[in-house]
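1. Got a sequence here, can you build the structure:
(chains A and B)
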Amino acid sequence: MITLNINQKTYKLDLDPNTPLLWVLRDHVGLVGTKYGCGVAQCGACVVHLDGEAVRSCVTKASRAVGKKVVTIEGLSENNSHPLQKTWLELDVSQCGYCQAGQIMSAAVLLRENKNPTDQDINDAMAGNICRCGTYLRIKEAIKFAAAAGSGEKV
Amino acid sequence: MENLKTNSSRRTFLKTSLLAGGGLMIHFSGLAKLVLPHTEGGQAAEQWTEINGYVKISPKNVITILCPNPEFGQNVMTSLPMIVAEELDVDWKKVVVEMGPHDNVKLGPQFTGGSNSMRMYWKPLREAGATARHMLKLAAAETWSVPVDEITTRQGMLYHDKTSKKATYGDVAAKAAGMPVPKGIKLKDVKDFNVVRKSQKNVEGAKLVSGKPLFGLDYQHEGMLIAMIHHPPAFGMTHKSFDATATRKMPGIKDVFTIKVYEDGFAQGGFDVRTFNDLIVVVGKTTWEVMNARKKLVVEWMPIGDVKNTMAGRDGKREVVVPGALESTTTQLLKMREYEKMPAQQLRKDGDPETAFKNAAQIIERSYDAPFLAHNCMEPMNFFAHVTDDKALLVGPVQAPGWTEPTLAKVLNLPPDKIEIQMTRMGGGFGRRAYGHYLVEAALISRKAKAPVKLIYSREDDTTYGIYRPMYTATYRAALDADKNLIAFHVKGGGIPEHAIHANRFPAGAVDHYLAEGWEIPSNITIGAFRAPRSNFNAAAEQCFLDELAEAMGKDPIALRLELLKRAKENPVGKNNEYDADRYAGVLELVREKSGWNSAVPKPFKRGVAAYFCHNSYAAHVVDLVLKDGQPYVERVFSAVDCGIVINPDAAINMVQGAVVDGIGNSLYGGLTHKDGVVQEQNFHSYRLIRMHEAPKSIDVSFVQNDIDPTGLGEPPFPPVFGAVANALYKATGKRHYQQPFTLSNSRI
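-> Next comes the predicted model:
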């Protein structure tokens, strides 16, 4: 039995503490916004925040999240009010959309740490997130727009 | 004035009562709060009146439009309902879009593929909207006892100006459903469009950025178990024996068993491709438990040898032998070198190419190779199935449910009307999900496990157990006379296990003496459609060759193409030329203008161009490339596309930009290789996909403006990217690149 704090809710879960956080979220907690893409920390579809840091939940054991705060895409904001969610919608970034939760979760940490990221900063921060549909231009633009909206502090 | 005939046989209209956001609605497509504030919370029961298969209206005037085709990122869930809304005359912002059920009678062919959605549904959806609107007018006319011709509509409202009467569509919907279904309703003039041709946002955008369950992998069902397949490690292998003792002891494991996808002699249709027929299956409670337990299987594998597949065909069944050899990329390439020297099947011949080549002052001959490609959909293959004795429910990501349903009916021995397939949003498709073997597998597993089951492929399963883009090669030859005029053109293409040649495409029709030939090498590597099948190779090879040809002829590469197209238009050679020379020239002229092609190329860029016609649309790209740390980087791109009327402009631009990025990625990095039948690139650490820093900084997309009925966009912009990249790379390095991926060290075996 382990206890996890996910999106400000406490969950008592009967599972192997070695279970990757990704599968805890998806199969045990029912939060499926965090996606499985590769299982080996290569694609970023599964990025969540662990005490504010972007981690790849597919290679993060549940035990590592004990005593920490987990935030998933479902907990990023109420009603899509996060600046990145807004700019993502404004620019209509998504195609298939499968990777976009992970993209947003990675970008959210970048913006919190760096309120005015350069192209290079964005490239570096987002290099671990694959978009197979190729929406990279819009992702980058959405990050820049959110930064320009002075969103950094709110992240 | 509307011109209509009344259909004497009344349709049976369904009036379904259901809960908004639940009940009969597929729960992936529940009402979106952001889209529809007045049903916030989704609690209010709505009495829906179905006007036709695509339109449902509630008394409160909530307009629901059903999308017939599954969504895999091409944005059909927005753009197809837009067409209905246009003719129905409703406020698009208030429309609720639902993914339709699988019902080919009501909703047409329902397949996503071949860039066909727009082309296939443009007219039927306009008619559905216009017909529904007219029935609402008939209902209002009857209610108010006024002539129908005097009734006007605007944004979901009906008006009779003379009597100052007005009503919502919802007020008369129930009555409208009982009206005779009119035929031959006049459709709107293109110039009057106010939904179509305006950028409308993705109807599922808000759900996507908040992580709502939309995809097959997200599907949950009471009592659902998870299943994974342990497939052979190599093409050409099967299991001889296995010991599941350790697996069964692992936590959460319910069962381990084998399934046979098709029984001996099962007549396969064209989309029944499956890689392995005999599979070991592990079923358990959760994904992680099943993944772990699967690793504990002890399996003895053996070569399966040649396999006879029975194929269904128009002329009855035929047998095809799939060779059993364990293939390696080097042996595949050597075999292609052997086959390309042998006589091939003639696909088209114009004039007398043999004599023309004999008399040529100069012959240019170049050969091009391209590897197998895996689709790498971000959402790995998966499907939910619940099969009982008398029915089957299947839910998940599939491009063409109607192509798999007959197969399921045969395999499960159930009538098709007892098989319900629900289509979720797909995390990518690219052709891969047109092959529904994973539905069959899920169904067989559910039946054997006697439980609702979700079959999940791991990423490695998805990559190593694929339906790939074939491995291709082609040799192009051009004959020039003493004045450097092109007098003959010859293409001989081959592939494992099929060639890519489209014999009737450009430059066929533009050259007096023309020959196209093809040959094929049978293989056990399973292949199928991959974003613009065959075209995605041709546009690379042919467009590189034309570039080299232009150079040899001392001509500008765009000018040469335009010259050839002029010839094809004014005095076409041969018959059955597939392309419209004017539209083809149109995209070249547009990209020439937009890229400033005739001006000096700005430093430090090196520039390449390519164009192609496929899937009924035309695309051209100019690529500006630099070498960064010795590696090619495409920094900016200009794209010109002619797909007729552009339904949803901003989404269309997104689609073209995505195709460009995909094309750059696959041309520079894509490729799947084999060693003794084993796929060498099993996950994204070794199968390289393009990432953000490798994508261009800008992709400028322009559409040819015309009023031609719309054609597709998912595929056409993709193929010419390969050629444009290769041609720019030549300018940057001084070396031609004949092998994909175009990494700088690549050389021909």
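2. Check the burial of the residue lying closest to residue B:90 once chain neighbours are set aside by counting its neighbours.
-> Excluding its sequence neighbours, the residue lying closest to residue B:90 (Cβ to Cβ, 6 or more residues apart in numbering or on different chains) is residue B:156, at 4.3 Å. Quick note: C-beta positions are derived from backbone N, CA and C, even for glycine. The tally of other residues near residue B:156 (other Cβ atoms under 10 Å in any protein chain shown) stands at 21.
3. residues contacting residue B:156?
-> Residues near residue B:156 by Cβ atoms under 8 Å, 6 or more residues apart in numbering or on different chains: B:61, B:63, B:89-91, B:94, B:168-169.
4. I'd like to know the phi and psi angles of the nearest residue to residue A:131 once chain neighbours are set aside, please.
-> Among residues not flanking residue A:131 along the chain, residue A:99 sits closest, at 4.9 Å (Cβ to Cβ, 6+ apart). When read as degrees, to the nearest 10, the backbone of residue A:99 gives phi -90, psi -10.
5. give the contact list for the residue sitting nearest the centre point of chain A.
-> Computing the C-alpha centroid of chain A and ranking residues by Cα atoms, centre = their mean puts residue A:105 first, at 2.4 Å. Shown in contact with residue A:105 (Cβ under 8 Å, 6+ apart): A:47-49, A:54, A:72-73, A:76.
6. now, among the contacts of residue B:156, which is nearest to residue A:86?
-> residue B:94 (21.4 Å; Cβ to Cβ).
7. before we move on, back to that, which of the contacts of residue B:156 has the most neighbours?
-> residue B:169 (30 neighbours).
8. Relative to chain A, how far out is it?
-> The spacing between residue B:169 and chain A, counted by Cβ to the nearest Cβ, to the nearest Å, is 28 Å.
9. And for residue B:583?
-> Residue B:583 is 25 Å from chain A, where distance means Cβ to the nearest Cβ.
10. swap in residue B:359?
-> Applying Cβ to the nearest Cβ to residue B:359 and chain A gives a distance of 47 Å.
11. Which residue ranges make up the domains of chain B?
-> Using automatic domain parsing, the domain parsing of chain B gives B:5-206, B:219-308+B:375-464, B:471-733.
12. My guess is the residue nearest to residue A:131 contacts residue A:128. True?
-> No - assessed by Cβ atoms under 8 Å, residue A:99 is found out of contact with residue A:128, at 11.1 Å.
13. Can you report phi and psi for the residue in the stretch 301-450 of chain B positioned nearest to chain A?
-> Residue nearest to chain A within the stretch 301-450 of chain B: residue B:427 (3.1 Å; Cβ to the nearest Cβ). Backbone torsions for residue B:427, taken as degrees, to the nearest 10, come to phi -80, psi 70.
14. so where does the closest residue to it other than its chain neighbours fall, helix or strand?
-> Spatial nearest neighbour of residue B:427, chain neighbours left out: residue B:379 (2.4 Å); criterion: Cβ to Cβ, 6+ apart. If you go by DSSP states H and E, residue B:379 is not part of any helix or strand.
15. Now do the contacts for residue B:590.
-> B:620, B:640, B:702, B:704.
16. Residue numbers of the stretch 551-700 of chain B in contact with chain A?
-> Residues of the stretch 551-700 of chain B lying close to chain A (Cβ under 8 Å from any Cβ of the partner chain) are B:650-651, B:654-655, B:657-662, B:665, B:683-685, B:689-693, B:695-699.
17. Just the buried ones out of those residues, please.
-> Using 16 or more other Cβ atoms under 10 Å in any protein chain shown as the burial test, these include B:650-651, B:654-655, B:657-662, B:665, B:683-684, B:689-693, B:695-696, B:699 as buried.
18. Residue B:242: what secondary structure?
-> strand (DSSP: H, G, I helix; E, B strand; the rest coil).
19. Is it in contact with residue B:301, as I believe?
-> No - taking Cβ under 8 Å as the definition, residue B:242 is not a contact partner of residue B:301, at 9.2 Å.
20. Which parts of chain A are helices?
-> Counting by DSSP state H, one finds helices in chain A at the ranges A:21-23, A:83-90, A:100-113, A:119-126, A:136-148.
21. In CSV: the ones you listed, plus mean pLDDT.
-> Compiled in CSV, those are given as follows (pLDDT from 0 to 100):
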stretch, mean pLDDT
helix A:21-23, 98
helix A:83-90, 98
helix A:100-113, 98
helix A:119-126, 98
helix A:136-148, 97
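22. does the residue lying closest to residue B:53 once chain neighbours are set aside sit in a helix, a strand or a coil?
-> Closest residue to residue B:53 apart from its sequence neighbours, by Cβ to Cβ, 6+ apart: residue B:106 at 3.4 Å. With three-state DSSP as the basis, residue B:106 sits in helix.
23. Next: residue B:608.
-> Residue B:608 - assigned by three-state DSSP - is strand.
24. which residue packs closest to residue B:620, ignoring adjacent ones?
-> Using Cβ to Cβ, 6+ apart and skipping the chain neighbours, the partner closest in space to residue B:620 is residue B:611 (3.7 Å).
25. And residue B:420, by the same measure?
-> residue B:393 (5.1 Å).
26. Just checking, which helix or strand succeeds whichever strand or helix holds that neighbour along the chain?
-> Using DSSP H and E, the element containing residue B:393 is strand B:392-396. Using DSSP H and E, the helix or strand that follows strand B:392-396 towards the C-terminus is helix B:401-412.
27. returning to that earlier point: mind listing the shared neighbours of residue A:99 and residue A:128?
-> A:43-44.
28. lowest confidence element among the helices and strands of chain B?
-> strand B:17-19 (a mean of 27; mean pLDDT, DSSP states H and E).
29. name the helices or strands packed onto the host helix or strand of residue B:729?
-> For residue B:729, the host element (DSSP H and E) is helix B:719-733. Applying 3 or more Cβ pairs under 8 Å, 6 or more residues apart in numbering or on different chains; DSSP states H and E, one finds that helix B:719-733 contacts helix B:535-553, strand B:606-614, strand B:617-628, strand B:631-642, helix B:649-669.
30. Tabulate the ones you listed in JSON lines, adding columns for mean pLDDT.
-> Shown next, in JSON lines, are the helices and strands packed on helix B:719-733 (pLDDT from 0 to 100):
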{"stretch": "helix B:535-553", "mean pLDDT": "97"}
{"stretch": "strand B:606-614", "mean pLDDT": "98"}
{"stretch": "strand B:617-628", "mean pLDDT": "97"}
{"stretch": "strand B:631-642", "mean pLDDT": "97"}
{"stretch": "helix B:649-669", "mean pLDDT": "98"}
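31. per-domain residue ranges of chain A.
-> A:2-73, A:83-154.
32. Can you tell me which of the ones you listed is packed in deepest?
-> The highest mean neighbour count among the domains of chain A, using mean count of other Cβ atoms under 10 Å in any protein chain shown, belongs to domain A:83-154: a mean of 22.
33. top helix in chain B by residue count?
-> helix B:117-144.
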